[in-house]
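Student: Make a model of this:
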Amino acid sequence: MARISVQIDVLNAQEVVENKKGKAIKWIASVFLSEAALKKKIEDKICQEIIKSLRENLDKSLKEEGVAANLTISVEHG
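Tutor: Numbers count the residues shown, from 1 in each chain. Presented below is the predicted three-dimensional model:
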């Protein structure tokens, strides 16, 4: 069995929130969420997008190549 590992460590959580939602939401997020919680939320979203992309692209590519395989994609927090 082959295994691929991807590590994600968001370094600019506050900037991401500000760019996505604006300064008012950044202030609200900073009041209600710690920096660690905000990072985790952004990292979770990144993981969801990676998994979605992997599933879509791998399923298609494997079928095109005639490969039958079981794919297990999971997220582990460290």
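Student: what about the residue lying closest to Ala68 once chain neighbours are set aside, helix or strand, and which?
Tutor: Once flanking residues are discounted, Ala68 sits nearest to Leu62: 7.8 Å by Cβ to Cβ, 6 or more residues apart in numbering. Bear in mind the C-beta positions are built from the backbone N, C-alpha and C, glycine included. Taking DSSP states H and E as the definition, Leu62 sits inside helix 35-65.
Student: re the thing from before, the residue nearest to Ala68 and Asn70, how far apart?
Tutor: Shown here: Leu62 relative to Asn70, a distance of 10 Å by Cβ to Cβ, to the nearest Å.
Student: neighbour count winner among the two?
Tutor: When Leu62 and Asn70 are compared for neighbours, Leu62 comes out ahead with 13 against 5, by other Cβ atoms under 10 Å.
Student: you'd agree the more buried one is up against Ala69?
Tutor: Yes: with contacts counted by Cβ atoms under 8 Å, Leu62 reaches Ala69, the gap being 5.8 Å.
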